[in-house]
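**Student:** Quick one: sequence plus predicted model below, questions after.
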Amino acid sequence: MASRPLKIKTGVVERLIKEEDSYKKEYDNQLKRIEKVKQETPDDDWNIRKQKEVLDETIKMIPDVKQRLSKAIEELADLVSAHETDLAGTEELSKAQQVLTLAGSRRAESDAAAT
């Protein structure tokens, strides 16, 4: 039955949502860290440059996570629609639908923030 793959794909989407949140938080923290270093030691070019490199690495990861999350959401949605009648009333289906709803609302918020 499709219960196990549904559970796995649901977990993947949940993990990628957390990973995306983590990178966004890291981005904000790194910006603050750079400003703090600039204020405390404005002549320390090496440290400022290294902090900016860390920020650049974080910035590069965000689109990658978004792409993987988008693909995982699509795969989960396809699996849910393919097995919705088979798994009607199961905990796995309910959880998958909740995760898809959460991911959809996050995507809408992200799109609204981008405009």
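**Tutor:** Received, thanks. Just so it is clear, the model here is predicted, and its values are computed rather than measured.
**Student:** Any idea which residue is closest to the centre of this structure?
**Tutor:** Centroid check for the chain by C-alpha atoms, centre = their mean gives E20 as the closest residue, at 2.5 Å.
**Student:** Could you double-check that that residue sits in contact with K66?
**Tutor:** Yes - in this structure, E20 sits in contact with K66. The criterion is C-beta atoms under 8 Å, and the distance is 6.6 Å. Where you see a C-beta, it was placed from the backbone N, CA and C, and this is true even at glycine.
**Student:** how about V12, what does it touch?
**Tutor:** 72, 76 (C-beta atoms under 8 Å, 6 or more residues apart in numbering).
**Student:** Please apply the same query to I62.
**Tutor:** 20, 23-24, 27.
**Student:** tell me the secondary structure for it?
**Tutor:** Following DSSP: H, G, I helix; E, B strand; the rest coil, we place I62 in the helix state.
**Student:** how much space between it and Y23?
**Tutor:** If you measure I62 against Y23 using C-beta to C-beta, to the nearest Å, the figure is 5 Å.
**Student:** One more: A88?
**Tutor:** 36 Å.
**Student:** Among those two, which residue is more densely surrounded?
**Tutor:** Y23 (20 against 9; other C-beta atoms under 10 Å).
**Student:** from memory the more buried one sits against M61, does it?
**Tutor:** Yes - taking C-beta under 8 Å as the definition, Y23 is a contact partner of M61 at 5.3 Å.
**Student:** Please enumerate the strands of the protein.
**Tutor:** In order along the chain, the chain carries no strands (DSSP state E).
**Student:** how about the helices of it, start to end?
**Tutor:** 3-40, 45-83, 91-114 (DSSP state H).
**Student:** With mean pLDDT added, can I get those in a markdown table?
**Tutor:** As requested, the helices of the chain are arranged in a markdown table below (pLDDT from 0 to 100):
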| stretch | mean pLDDT |
| --- | --- |
| helix 3-40 | 96 |
| helix 45-83 | 95 |
| helix 91-114 | 86 |
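**Student:** burial count for the nearest residue to E26 once chain neighbours are set aside?
**Tutor:** Once its chain neighbours are removed from consideration, E26 has its nearest residue in T58; the separation is 5.1 Å (C-beta to C-beta, 6 or more residues apart in numbering). Residues lying near T58 (other C-beta under 10 Å) number 19.
**Student:** Good, wrapping up.
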